[in-house]
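Visitor: my questions concern the predicted model and sequence given below.
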Amino acid sequence: MSTIVKTEAVVLRSIDFKETSKIVTFYTRQFGKIAGMVKGARRPKSRFGTSLNPMSYVSLIIYKKEGREIQIVSQCDLIKPFRHLSEDIEKMAVGMAMIELVNIVTPEHAENAQLFLLLVNSLSSLNHAVKNPSNLLFYFEIHLARVLGFQPVLDHCVTCKKELKKINDDATYRFDIAKGGLACKRCSTAPG
């Protein structure tokens with residue numbers, strides 16, 4: 001039995017299917033990552049327009065059925081167009097990297113409202129960025145790690161636990177991958 005649901009989503013990827021359809025991967029507010037079949041999306045006078053382009057922030061109406069791998073999309077409307085993302089190659093590259101990261105690191109059907117808001121807000125900030133849009137990718141990556149539970153320790157030494165602003169060793173720190181954070185100069189050069 002299918003249930004008709006409405007949710008907000010960001011388009012992660014879109015691939016052509018058969019003659020007139022598309023299979024689109026969305027990251028939704030309510031259901032996490034889902035794939036949807038959009039019938040008639042490739043017709044010349046399709047009602048979907050640019051709403052199925054990657055990085056689009058949309059409102060979806062889907063026929064959701066538990067256990068079905070690909071849901072049926074009945075409506076997809078732009079909520080907020082991020083027009084500047086497709087006009088600037090650097091912004092487009094950063095935005096595509098953001099949605100590709102979300103697509104790679106998230107499992108199907110795992111709701112994460114924090115991640116959804118991070119993605120929408122990051123794309124919106126990127127759309128309005130005036131200079132250095134690539135800095136937003138670093139911001140997004142650090143916050144993505146935090147939202148997924150992998151936030152690195154950046155405020156204190158992972159070995160001796162001293163706050164980094166209180167350590168007086170010419171501010172030399174090394175990132176200890178095994179411990180997941182910064183180590184002060186004394187701890188990063190200590191044997192062991």
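Guide: Here it is on my side, so go on. Numbering: from 1, shown residues only.

Visitor: which stretches of this protein have low pLDDT?
Guide: Counting by pLDDT under 70, the low-confidence segments of the chain come to 166-171, 190-192.

Visitor: so in the protein, which strand runs the longest?
Guide: Among the elements of type strand in the chain, defined by DSSP state E, the one spanning the most residues is strand 3-17.

Visitor: how far does the helix or strand just after that strand sit from its chain's centre?
Guide: Read in the C-terminal direction, the helix or strand following strand 3-17 is strand 21-28, with elements assigned using DSSP states H and E. Relative to the chain's own centre, strand 21-28 is displaced by 14 Å; criterion: C-alpha atoms, centre = their mean, to the nearest Å.

Visitor: could you say what helices and strands the following helix or strand past strand 21-28 packs with?
Guide: Following strand 21-28 in sequence order, the next helix or strand is strand 32-38 (DSSP H and E). Counting contacts by 3 or more C-beta pairs under 8 Å, 6 or more residues apart in numbering; DSSP states H and E, strand 32-38 is packed against strand 21-28, strand 57-64, strand 70-80. (Each C-beta comes from the backbone N, C-alpha and C, glycine too.)

Visitor: pretty sure residue 5 sits against residue 59.
Guide: No: Residue 5 lies out of contact with residue 59 (C-beta atoms under 8 Å); the separation is 11.4 Å.

Visitor: quick one, domains of the protein?
Guide: Listed by automatic domain parsing, the domain ranges of the chain are 3-80, 83-147, 155-192.

Visitor: contact partners for the residue nearest to residue 56 when sequence neighbours are not counted?
Guide: The spatially closest residue to residue 56, leaving aside those adjacent along the chain, is residue 11, at 4.5 Å (C-beta to C-beta, 6 or more residues apart in numbering). With contacts defined as C-beta atoms under 8 Å, 6 or more residues apart in numbering, residue 11 is in contact with 24, 25, 26, 51, 52, 53, 54, 55, 56, 58, 99.

Visitor: so what pairs up with the first one in the strands?
Guide: Taking DSSP bridges, one obtains residue 14, residue 36 as the residues bridged to residue 24.

Visitor: surely residue 21 is in contact with residue 43?
Guide: No: under the criterion of C-beta under 8 Å, residue 21 makes no contact with residue 43, lying 9.4 Å away.

Visitor: pick out the residue nearest the middle of this structure.
Guide: A centroid search over the chain (C-alpha atoms, centre = their mean) returns residue 102, at 3.8 Å, as the residue closest to the centre.
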